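# model this:
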Amino acid sequence: MRYKRLRDMNLVILCAFSLVFCPVERVLNAAPTPESQEGIESANGLRFAAEPETEEPAGETGALDSVMIDVTKDVLSEPISMTEPVNGEAAQYPRVSANAAVLMDVNSGQICYERAAHTQRPPASTTKIMTAVLAIESELMDSVVTVSEKAAGTGEASLHLEAGQKVLLRELVEGALVRSGNDACVAIAEAVAGDVDFFVRDMNRKAAVLGAVNTRFMNPNGLPNPDHVSTAYDLALMARYALQNPVFAKFVNESRGQFESVEPRKSVDIKNTNKLLDSYPIADGVKTGTTSAAGKCLVASATKDGRRLICVVLDAPDRYGDCQRLLEWGFNNTETIGLGKKGDVIVKQTVGNTEVPFTLTADAHVLVKEGEAEKLTFTTVFPPDMTSVRQGEMVGSYVVCIGEKEVFRCGLLAGADADAPKANSRFKEGFGSMMRRLRGL
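Numbering: from 1, shown residues only. From the prediction side, this is the model:
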């Protein structure tokens with residue numbers, strides 16, 4: 001009996017040890033559970049509606065001891081919001097051929113339309129969005145890269161790089177985004193992280209930081225690998241983040257460009273694989289992707305009257321038509337209401353004897369149906385026992401609803417110190433008031 005208890009205790013200790021010391025990489029690359037997908041649906045973005053690169057074997061992700069890339073830069077905060085259809089009838093939605101799709105409002109990060117938005121699928125060359133993000137944020141864009149034999153030997157969609165060729169990292173990023181060069185992505189990975197596997201590890205870390213929890217990269221270019229997956233929603237998140245960078249935004253909006261080599265000195269005209277840039281006047285990005293496993297994919301963006309939408313379609317026989325129809329539908333049937341910017345004073349509240357201003361912790365944008373702005377209601381929520389605050393302390397929330405549906409929430413920061421009156425000061429004030437009344441009798 002004693003032996004059985006000792007054996008059971010050892011098993012418990014062993015399980016606890018495994019949980020505490022399991023590698024971080026397993027956590028980052030673990031396949032998401034249905035519960036984790038449901039969490040993303042309820043916590044990230046308002047859902048209004050539910051609805052040639054070719055194969056080459058890819059390598060494994062690398063170990064943890066490598067060059068570190070800052071993956072925490074400028075992470076976007078996401079408002080908490082609810083799910084509801086924009087218009088009741090499915091017939092009012094545009095025709096979509098894609099097996100997975102999402103339409104996202106860039107200002108708010110909220111969702112106008114979705115179909116299988118969290119279903120994992122091969123992303124093909126839309127992968128290069130993340131490759132370009134890490135390259136641009138490495139601050140090595142003006143460095144000269146010597147192309148390795150491994151990079152030069154990467155085929156299919158290619159810039160036809162040669163081993164020993166010297167090229168600015170900036171040119172490689174442009175070539176990856178505009179011409180979809182698979183060889184350029186390998187050269188980028190080696191230049192930024194020293195090794196392709198190390199770079200892929202950092203791609204996965206960055207994706208996790210951005211909230212793209214259903215994404216797992218196995219290479220920097222999207223060439224087929226059964227474990228290389230993402231989702232329409234995750235790709236929209238990554239594109240939304242990437243488009244904040246003016247260098248990225250410029251490259252993905254070029255219908256044509258020039259790829260220039262330092263040594264040997266030469267220049268080659270390149271044409272963007274994204275045909276939407278030529279056929280849809282307000283399109284301004286982002287990236288195509290095509291393999292036999294992924295089908296035809298497109299991450300597209302467009303801007304109209306100062307408002308930008310992102311559309312992602314995966315395995316879409318009519319990818320350009322899908323994106324144009326969804327983008328037009330989004331512009332015509334939804335609108336974004338700006339309620340304030342991060343740091344704006346939204347309310348003043350008396351705490352103790354002090355009137356304290358409270359400011360927004362994030363930009364406040366709300367996505368609504370066209371013409372529904374007048375239905376918005378606004379509430380500030382504070383702890384009922386709030387007797388003191390410190391400047392910069394987050395206390396309470398700013399909540400926006402349409403009817404009983406909560407569509408936005410963010411924290412509030414105190415703009416000044418405030419304390420409750422001390423007990424002896426309240427006694428003195430009360431005693432003084434009583435004496436004044438007695439003198440008046």
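
# rest of the way, CA atoms for contacts and neighbours
Fine.

# low pLDDT regions in the stretch 101-250 of the chain?
Across the stretch 101-250 of the chain, nothing is flagged by pLDDT under 70.

# okay, strands next: where are they in it?
Assigned by DSSP state E, counting those that start in this stretch, the stretch 101-250 of the chain shows strands spanning 111-115, 144-146, 166-168.

# show me what the last one is packed against.
When contacts are defined as 3 or more C-alpha pairs under 8 Å, 6 or more residues apart in numbering; DSSP states H and E, strand 166-168 sits against strand 144-146, strand 256-261.

# will you turn those into a markdown table that also has distance to Thr354 and mean neighbour count?
Formatted as a markdown table, those follow (distance: least, C-alpha to C-alpha, whole Å; neighbours: other C-alpha atoms under 10 Å):
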| stretch | distance to Thr354 | mean neighbour count |
| --- | --- | --- |
| strand 144-146 | 59 | 20 |
| strand 256-261 | 60 | 17 |
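
# dump those strands to JSON lines, plus distance to Gly340.
Putting the helices and strands packed on strand 166-168 into JSON lines (distance: least, C-alpha to C-alpha, whole Å) gives the following:
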{"stretch": "strand 144-146", "distance to Gly340": "43"}
{"stretch": "strand 256-261", "distance to Gly340": "38"}
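
# could you point out which of the ones you listed sits nearest Glu190?
Proximity to Glu190 (C-alpha to C-alpha) singles out strand 144-146 among the helices and strands packed on strand 166-168, at 9.0 Å.

# so which of the strands of the stretch 101-250 of the chain is the most packed in?
strand 111-115 (a mean of 25; mean count of other C-alpha atoms under 10 Å).

# quick one on the thing from earlier: of all the strands of the stretch 101-250 of the chain, which lies closest to Lys405?
For Lys405, the closest of those is strand 111-115, at 15.3 Å, according to C-alpha to C-alpha.

# run through the neighbouring helices and strands of the closest one.
Against strand 111-115 (3+ C-alpha pairs under 8 Å, 6+ apart) you get strand 100-105.

# give me the helices and strands touching the strand it packs on, please.
strand 111-115, helix 232-242, strand 307-314, helix 319-333.

# buried deepest among these, which one?
Scoring the helices and strands packed on strand 100-105 by mean count of other C-alpha under 10 Å, the most buried comes out as strand 307-314, with a mean of 28.

# list the contacts of the closest residue to Ser267 other than its chain neighbours.
Using C-alpha to C-alpha, 6 or more residues apart in numbering and skipping residues adjacent in sequence, the residue nearest Ser267 is Glu260, 4.3 Å away. If you count contacts by C-alpha atoms under 8 Å, 6 or more residues apart in numbering, Glu260 has them with 167, 171, 266-268.

# where neighbours are concerned, which of the residues you listed has the most?
Val167 (24 neighbours; other C-alpha atoms under 10 Å).

# hmm, Gln110 is touching Ala364, no?
No. When contacts are counted by C-alpha atoms under 8 Å, Gln110 is not listed as touching Ala364 (11.7 Å).

# of these two, who's got more company?
More neighbours surround Gln110 than the other of Gln110 and Ala364, with 27 against 22 (other C-alpha under 10 Å).

# what separates that one from Leu309, distance-wise?
According to C-alpha to C-alpha, to the nearest Å, Gln110 and Leu309 sit 10 Å apart.

# tell me, what's touching these two both at once?
Met104.

# how is the chain carved up into domains?
Split into domains by automatic domain parsing, the chain comes to 27-334, 341-414.
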